[in-house]
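Peer 1: Structure for this input, please:
(one chain, ligands or ions: 2)
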Amino acid sequence: MADVGAGISVAELQLAARNHGMPLEALRYDVTPAGLHYLLIHYDIPDVDATSWRLSIDGAVRTPVTLSLDELRSRPRVSLAVTLECAGNGRALLEPHVESQPWLVEAVGNAVWTGTPLRGVLEDAGLDDGVQEIVLTGLDHGLDHEVEQDYQRSLPLGEAMRDDVLLAYEMNGAPLPPQHGFPLRVIVPGWYGMTHVKWLGSITAVTGPFEGFQMTGSYRIWSSDDDGEPGEPVTRIPPRALMRPPGFPDFFTRHRVVERGEVELDGRAWSGVAPIERVEVSVDGGETWRDARLGPLPASEYAWRSWTSRWNAEPGEHVLACRATDATGATQPTRADWNRGGFQNNSIHLVPVTVR
Ligand SMILES: Nc1nc2c(c(=O)[nH]1)N[C@H]1C(S)=C(S)[C@@H](COP(=O)(O)O)O[C@H]1N2
Ligand SMILES: [Mo]
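Peer 2: Numbers count the residues shown, from 1 in each chain. Ligands and ions are numbered 1, 2, ... in the order given. This is a model prediction of the structure:
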């Protein structure tokens, strides 16, 4: 860890203090308690009065609709366990340094979200022919790179009409906490976090591509520093595994101390593209690998899967590692390619330990 994050600015520290990660020991919970789930808030948490709040469905629809929270709650109800990960997870491990929220590996959580399918709401409004995308607008407002905006993301129509895309009003069986989008957020299983719009205010059907800042000015893979490069959009989460760090930490460095002998290593693995098929573990920094045991099938296709692996720990310095492979055969790189926004760094998780 020595020089990772060298040159992190006070502005980045300010972001890191607002937007916390999931402490890695919370990998022990299949369902992440709300307070331990990672958090990413671009602007301010809006102040929403649930009784006067309304969701509007407008744009290229036959009947524009507004719905209250009670009306949404009386619609068909679906609960789904979904692993959310920020597209910037791993950013601070990239070199050269990318300025933004300086995540290491912990921008993840797996919660049970309850709500009503977006699809039904769109069908009730009646989409016009030629609708291409659904724009989701949050009630939060701010500036990014001098562009003043409401937080907005769009979804291609095909994704928006999936049965498992939810307008969620509960997290882990309780009303959404303010920081996670009260009173309503979108859940798009499989996609990186930026698409799961919180504090939802309106849903707008559009007949062309939506080109708001969060679609064109961010969340794209730009491989160079060239401003003119359009870049590929960031969409679904590629495979990743994390290890629950064994033993106990040093306060300041968080370096681990492990007692010699049999150690049961464990963690979680997920992919937003296809089910996890394999997790491997290395106890020599990724030189050699062996298969971990996969836990039971997760509660949903988009929830993380547990894994375990036994290790006979011998005294000395070791670097533990894990990596996931999904059903498409996609796996994790030892070192991900740099990109200007610092997105999608799913390089393997390394955990240095001292065994005594
Ligand atoms: N309205 C709004 N929605 C938002 C954001 C935001 O800043 N405003 N942040 C997004 C990003 S980048 C991520 S990673 C997820 C984080 O969700 P969580 O804080 O519930 O973990 O919310 C997304 N939804
Ligand atoms: Mo994010």
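
Peer 1: Could you list the low-pLDDT ranges of the stretch 1-150 of the chain?
Peer 2: Using pLDDT under 70 as the threshold, the predicted model of the stretch 1-150 of the chain has low-confidence ranges 1-3, 5.

Peer 1: mind checking how far Ser271 is from Gln214?
Peer 2: Plainly put, Ser271 is 23 Å away from Gln214 if you go by Cβ to Cβ, to the nearest Å. To be clear about C-beta, it is placed using only N, CA and C from the backbone, and glycine gets the same treatment.

Peer 1: Next: Glu146.
Peer 2: Glu146 sits 15 Å away from Gln214, taking Cβ to Cβ as the criterion.

Peer 1: Arg220 too?
Peer 2: The gap separating Arg220 from Gln214 is 10 Å, by Cβ to Cβ.

Peer 1: more crowded one of these two?
Peer 2: Comparing Arg220 with Gln214 by neighbour count (other Cβ atoms under 10 Å), the higher total belongs to Gln214, at 22 against 17.

Peer 1: helix, strand or coil for that one?
Peer 2: helix (DSSP: H, G, I helix; E, B strand; the rest coil).

Peer 1: and it, what does it touch?
Peer 2: With contact taken as Cβ atoms under 8 Å, 6 or more residues apart in numbering, Gln214 is in contact with Gln149, Tyr151, Gln152, Arg153, Met194.

Peer 1: check those against ligand 1, which are close?
Peer 2: The residues of the contacts of Gln214 that also fall near ligand 1, by Cβ under 6 Å from any ligand atom, are Tyr151, Met194.

Peer 1: in which helix or strand would I find Ile203?
Peer 2: Using DSSP states H and E, Ile203 falls within strand 200-206.

Peer 1: ok, and what's touching that strand?
Peer 2: Identification of contacts with strand 200-206 by Cβ under 8 Å, 6+ apart yields 55-61, 118, 121-122, 125, 127-128, 131-139, 150, 154, 167, 181, 184-186.

Peer 1: Show the buried residues in those.
Peer 2: 55-57, 59-61, 118, 121-122, 125, 127, 131, 133-139, 150, 154, 167, 181, 184-186 (16 or more other Cβ atoms under 10 Å).

Peer 1: which one is whichever residue of the stretch 101-250 of the chain sits closest to ligand 2 nearest to, not counting chain neighbours?
Peer 2: Of all residues in the stretch 101-250 of the chain, the one sitting closest to ligand 2 is Gly193 (4.0 Å; Cβ to the ion). Nearest in space to Gly193, with sequence neighbours left out and distances taken as Cβ to Cβ, 6 or more residues apart in numbering, is Cys86 at 4.6 Å.

Peer 1: hang on, the one you found packs against Tyr38?
Peer 2: Yes. Cys86 is within contact range of Tyr38, at 6.5 Å (criterion: Cβ atoms under 8 Å).

Peer 1: got any residues that touch both of these two?
Peer 2: Shared between the contact lists of Cys86 and Tyr38 (criterion: Cβ under 8 Å, 6+ apart) are residues Ala107, Val108.

Peer 1: hang on, the earlier thing: which among the buried ones among the contacts of strand 200-206 are in contact with ligand 2?
Peer 2: Contacts with ligand 2 are made by none of the buried ones among the contacts of strand 200-206, judged by Cβ under 5 Å from the ion.

Peer 1: Kindly report the residues of the stretch 151-300 of the chain close to ligand 1.
Peer 2: Taking Cβ under 6 Å from any ligand atom as the criterion, the neighbours of ligand 1 within the stretch 151-300 of the chain are Tyr151, His180, Gly193, Met194, His196, Val197, Lys198, Trp199.

Peer 1: Look up phi and psi at the residue nearest the centre of the chain.
Peer 2: The chain has Glu85 as the residue nearest its centroid, 1.6 Å off, counting by Cα atoms, centre = their mean. The phi/psi pair for Glu85 (degrees, to the nearest 10) reads phi -140, psi 140.

Peer 1: Where do the helices of the stretch 1-150 of the chain begin and end?
Peer 2: Counting by DSSP state H, counting those that start in this stretch, one finds helices in the stretch 1-150 of the chain at the ranges 10-18, 69-73, 118-125.

Peer 1: buried sites along stretch 64-71?
Peer 2: Val65, Leu67, Leu69.

Peer 1: Where does the chain get nearest to ligand 2, residue-wise?
Peer 2: Cys86 (3.3 Å).

Peer 1: any idea how far that residue lies from ligand 1?
Peer 2: Remark: distance between Cys86 and ligand 1 (Cβ to the nearest ligand atom, to the nearest Å) = 4 Å.

Peer 1: Apart from its neighbours in sequence, what residue is nearest Thr288?
Peer 2: Ranked by Cβ to Cβ, 6+ apart and with sequence neighbours excluded, the top spatial neighbour of Thr288 is Ser282, at 6.2 Å.

Peer 1: contacting residues around that neighbour?
Peer 2: For Ser282, the set of contacting residues under the criterion of Cβ under 8 Å, 6+ apart consists of Thr288, Trp289, Arg290, Val319, Leu320, Ala321, Cys322, Arg323.

Peer 1: So which of those belong to strands?
Peer 2: Arg290, Val319, Leu320, Ala321, Cys322, Arg323 (DSSP state E).
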